[in-house]
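Give me a model of this one.
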Amino acid sequence: MTITTWNQQIVKKKNKEIVLRTIISNAPISRADIAQHSGLNKATVSSLVNELIEEEFIYESGPGESSGGRRPVMLLFNKKAGYSIGLDIGVNYILGIVTDLEGNVVYEQHQSIHNLSFDEMIHLTIEMIKNLIEHTPQSRYGVIGIGIGVPGIVDKNGKVLLAPNLKWSHVDLPDILHREFDYPIIIENEANAGAYGEIRFGAGVNCNNVIYVSAGIGIGVGIILKGELYKGINGYSGESGHMTIVVDGEKCRCGNSGCWEAYASEHALLNQAKHILPGATLEELIEIAEENKNVKEIFNEIGSYLGIGISNLIKTFNPQQIIIGNRLAKAKHLIEQPTIKSINKHTLDFHQKDLQINFSKLSIYSAALGVSAFAIENFLSIGKD
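Below you'll find the model as predicted:
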């Protein structure tokens, strides 16, 4: 009897999640249409809808169109039932956002940083989270979770095994943050988060096989295959910034030589430009590039090397879409043509067939929105064990 009751509870939770996700995907929608979409009987749908209304996950709106008889009451998802926090920890910035349950940003904070120690970085992260919590609107469920994107190798438990550009190694970030915050915390590789952000809210919304290239101080890659985030057997996939594109080439901060990010990243750009304009930022270089032939040529070279690495990814995955994001996407008008020219040069015609090459629609927000969405998905998984 105990086993049967337990199984019934699991089935009810699963069905409840099906109803909720049907409403999220198809709202406004009637109870009858939920039954038709989900395959559940009308009595089950009606009971579960009443529970979801009581729990404030959904609410009733006005009557919809009638196909004969009484006009049906339509149901909508309550995107303001709770709020998610997303952070993108970069080498030279931390971006934090608060979103509703549909990923709409209601508050954000951006902090530029330079050469912070580990302790200083953790302190700044904690203070930013506290500020984001303070600016979270009142709601039934309040802050439903915190997602954090980190430019490095992250294991399945959220431990940062290696983030060479941050100089982090074996950092148990969830443990550190749980000492301060009593919320579900998800730590993810920032390129994976960026890829998920793009297919949920950005340039990849209508695509199922996407390679997201996060080109910032370093380069990371997020891989979407058949609509799902591919992470590899242990979660370490996408470290393509450290594939060798020049044998015995420039020394990379990972310790190897000739890595892609040593030639095609923001760090590579700043390193080359320091001989022309010492201490210049990416934004300053973008501003003067059209008038400074030498700076424009550096952007051209960065774009060419970016295209070489992307060509390798195209030949490996034959994707539907390549999305170039993170901070270098700000220089789209300077690097797009040399990037595409390089891709055309290094791939065959059939590799390019049906391939879309786009720059991020979310700009610098891809990763923060992605980890925020992970936290939302976790919260809305009513049927999980």
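
Which stretches in this structure count as helices?
With DSSP state H, the ranges of helices along the chain come out as 2-26, 31-38, 42-54, 118-134, 173-178, 190-201, 261-264, 266-273, 282-288, 293-317, 332-346, 349-352, 366-380.

tell me what the third one is packed against?
I take that to be helix 42-54. Judged by 3 or more C-beta pairs under 8 Å, 6 or more residues apart in numbering; DSSP states H and E, helix 42-54 is in contact with helix 2-26, helix 31-38, strand 58-63. Using the backbone N, CA and C atoms, a C-beta is placed for each residue, glycine as well.

Of all these, which one is nearest residue 346?
helix 2-26 (39.6 Å; C-beta to C-beta).

Which residues does that closest one contact?
Defining contact as C-beta atoms under 8 Å, 6 or more residues apart in numbering, one finds that helix 2-26 is touched by 29, 33-34, 37-38, 40, 44-45, 48-49, 51-52, 57-58, 75-77, 380-385.

Go through that helix and flag the buried ones.
Across helix 2-26, burial judged by 16 or more other C-beta atoms under 10 Å covers 12-13, 15-24.

which residues does residue 258 contact?
By C-beta under 8 Å, 6+ apart, the contact list for residue 258 reads 244-250, 252.

Let me fix that, I meant to ask about residue 376.
Counting by C-beta under 8 Å, 6+ apart, residue 376 touches 84, 99, 101, 103, 144-145.

Which two of the contacts of residue 258 have the greatest separation?
Using C-beta to C-beta, these span at most 13.0 Å, a distance reached by 247 and 252.

ok, back up a step: now, of the contacts of helix 2-26, which are buried?
Among those, the ones that count as buried by 16+ other C-beta under 10 Å are 29, 33-34, 37-38, 40, 44-45, 48-49, 52, 57-58, 75, 77, 380, 382-383.

Quick check: which of the helices and strands packed on helix 42-54 is nearest to residue 332?
Among the helices and strands packed on helix 42-54, helix 2-26 comes nearest to residue 332, with 31.9 Å by C-beta to C-beta.

Run through the stretch 51-200 of the chain and note the low-pLDDT ranges.
63-69 (pLDDT under 70).

now do 80
Low-confidence regions of the stretch 51-200 of the chain, defined by pLDDT under 80, span residues 62-71.

now the stretch 251-385 of the chain
Low-confidence segments of the stretch 251-385 of the chain (pLDDT under 80): 382-385.

wait, what's in contact with the residue nearest to residue 255 when sequence neighbours are not counted?
Sequence neighbours aside, residue 164 is the residue nearest to residue 255 in space, at 7.7 Å (criterion: C-beta to C-beta, 6 or more residues apart in numbering). Residues near residue 164 by C-beta under 8 Å, 6+ apart: 152, 218, 253-255.

Equivalent analysis for residue 161, please.
By C-beta under 8 Å, 6+ apart, the contact set of residue 161 is 152-155, 169-170, 236.

Tally up the residues packed near residue 92, please.
For residue 92, the count of nearby residues is 18 (other C-beta atoms under 10 Å).

and the gap between it and residue 360?
Using C-beta to C-beta, to the nearest Å, one obtains 18 Å as the distance from residue 92 to residue 360.

same deal with residue 127?
28 Å.

got it, and residue 159?
With distances defined as C-beta to C-beta, the gap from residue 159 to residue 360 amounts to 28 Å.

Comparing the two, which residue is more hemmed in?
In this view residue 159 and residue 360 are compared by other C-beta under 10 Å, and residue 360 has more residues nearby, 26 against 15.

Wait, the more buried one touches residue 329, no?
Yes: contact status for residue 360 versus residue 329: in contact at 5.0 Å, counting by C-beta atoms under 8 Å.

quick one: residue 131 and residue 109 touch, right?
Yes: the pair residue 131 and residue 109 qualifies as a contact (C-beta under 8 Å) at a distance of 6.1 Å.

hey, what's in contact with both of these two?
Joint contacts of residue 131 and residue 109 (C-beta under 8 Å, 6+ apart) are residue 96.

Pairing partners for residue 223 in the sheet, please.
Beta-bridge pairing of residue 223 under DSSP bridges involves residue 211, residue 230.
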